[in-house]
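> sequence first, then the predicted structure, then my questions.
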Amino acid sequence: MPRSTYPVEYRERLIELVRAGRSPEKLAEEYEPCAATIRSWVKQADLDEGHRKDGLTTEERAEIRRLRRENKQLREERDILKKAAAWFAKEAESTPSKRSDS
């Protein structure tokens, strides 16, 4: 079953409720997300707002994902170029020279 995503406003409201003193466990009984999910939202919000320093911000996570995708693409391109260079080198060795020295 695919993970459902909750609207940003919904998450922000639950984060506000936790910060106002409600426990994630009580909120989980009343709303759909489990307590662990609510706690992780609060932790991520604290990281994003600079209240915590023990993890990555949402922006840093997005940058890492982007860099990983870019790194993967660059590796694939490098591998293609290696294979092409090897093929051209093999072709150059097997093709007789077309120079005429007459």
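Happy to help now that I have it.

> check the protein for its longest helix and report it.
Counting by DSSP state H, the longest helix found in the chain is helix 58-94.

> who does that one touch, helix- and strand-wise?
helix 35-48 (3 or more C-beta pairs under 8 Å, 6 or more residues apart in numbering; DSSP states H and E). For glycine as for every other residue, the C-beta is placed from the backbone atoms N, C-alpha and C.

> give the buried residues for the helix it packs on.
Using 16 or more other C-beta atoms under 10 Å as the test for burial, helix 35-48 gives Thr37, Ile38, Arg39, Trp41, Val42, Gln44, Ala45, Asp46, Leu47, Asp48.

> could you dump these to CSV with pLDDT and distance to Ala62?
As requested, the buried residues of helix 35-48 are exported to CSV (pLDDT from 0 to 100; distance: C-beta to C-beta, whole Å):
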residue, pLDDT, distance to Ala62
Thr37, 97, 20
Ile38, 97, 22
Arg39, 98, 21
Trp41, 97, 17
Val42, 98, 20
Gln44, 97, 12
Ala45, 97, 15
Asp46, 97, 18
Leu47, 97, 13
Asp48, 97, 11
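
> re the thing from before, let me know the angle separating the longest helix of the chain from helix 35-48.
Angle, helix 58-94 to helix 35-48, by axes from the mean of the first three to the mean of the last three C-alpha atoms, to 10 degrees: 80 degrees.

> give me the most central residue, this protein.
The chain has Arg65 as the residue nearest its centroid, 2.8 Å off, counting by C-alpha atoms, centre = their mean.

> mind checking how far it is from Glu59?
11 Å (C-beta to C-beta, to the nearest Å).

> what do you get for Arg75?
25 Å.

> same question for Val42.
18 Å.

> same check, this time on Tyr31
Distance of Tyr31 to Glu59, computed by C-beta to C-beta: 27 Å.
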